[in-house]
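> sequence unknown, structure follows:
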Ligand code: HEC
């Protein structure tokens, strides 16, 4: 094998590596620019009809049953018990407590949006209004939902 041919063979994997790294970096920056962040709403002027969608509450019910139901009874999360525990607090406080401390044996470990879905489920159990939008794991949105006796149960009645 000549020296020139050996060099060509040796260079090939390196240029491939360079191309791969360059491609990876390009994808990273694209992902950075393309990050959805806060979506713009097309229906800004329309008041939201509810705090969560019924599909979201249904997902929350399933998460609750698989991750919480073994230790808890649903009666803790609805009616007077719920109103008393969360009096003068908001859905954000509830969200923080369950995200930071539950499930007791693996705090913070539920995937995706399961915590906020469970909050949506608890709101549904307490007869808060559902609508077309989903509740988001966002402090501003969750703090706007008061809990406790006498709290507004739909956005429009606030
Ligand atoms: C392994 C058992 C276990 C699992 C699973 C579990 N919990 Fe708990 N949870 C507890 C115990 C025990 C307490 C009481 C802790 C305390 O008061 O210090 C508690 C307390 C709570 C409280 C009340 C906290 C407060 O400050 O009043 C909420 C709300 C709650 N759990 C929600 C959940 C949710 C939602 C899930 C599922 C994501 C869940 N828990 C899963 C055992 C569990």
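It's in. Note that the structure is predicted; figures quoted are calculated from it, not measured.
> interface residues of the chain facing the ligand?
67-68, 70-72, 85, 97-98, 102-105, 110, 118 (CB under 6 Å from any ligand atom). Just so you know, the C-beta spots here come from the backbone N, C-alpha and C atoms, and that holds for glycine as well.
> scan those and report the most crowded one.
residue 118 (27 neighbours; other CB atoms under 10 Å).
> show me what contacts the closest residue to that one other than its chain neighbours?
What sits nearest to residue 118 in space, not counting adjacent residues and going by CB to CB, 6 or more residues apart in numbering, is residue 60, at 4.5 Å. Residues near residue 60 by CB atoms under 8 Å, 6 or more residues apart in numbering: 114, 117, 118, 119, 120, 121, 122, 124.
> quick one: mark the members of the residues of the chain next to the ligand that sit in helices.
Among the residues of the chain next to the ligand, the ones falling in helices (DSSP state H) are 67, 85, 97, 98, 118.
> circling back: in JSON lines: the contacts of residue 60, plus pLDDT and distance to residue 143.
Below are the contacts of residue 60 laid out as JSON lines (pLDDT from 0 to 100; distance: CB to CB, whole Å):
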{"residue": "114", "pLDDT": "98", "distance to residue 143": "20"}
{"residue": "117", "pLDDT": "98", "distance to residue 143": "18"}
{"residue": "118", "pLDDT": "98", "distance to residue 143": "17"}
{"residue": "119", "pLDDT": "98", "distance to residue 143": "12"}
{"residue": "120", "pLDDT": "98", "distance to residue 143": "15"}
{"residue": "121", "pLDDT": "98", "distance to residue 143": "19"}
{"residue": "122", "pLDDT": "98", "distance to residue 143": "16"}
{"residue": "124", "pLDDT": "98", "distance to residue 143": "19"}
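> specify which member of those is nearest to residue 51.
Nearest to residue 51 out of the contacts of residue 60 is residue 120 (CB to CB; 7.3 Å).
> C-terminal to whatever helix or strand the closest one lives in, what's the next element?
Element membership for residue 120, per DSSP states H and E: helix 114-125. Heading C-terminal from helix 114-125, the first helix or strand you meet, by DSSP H and E, is helix 139-143.
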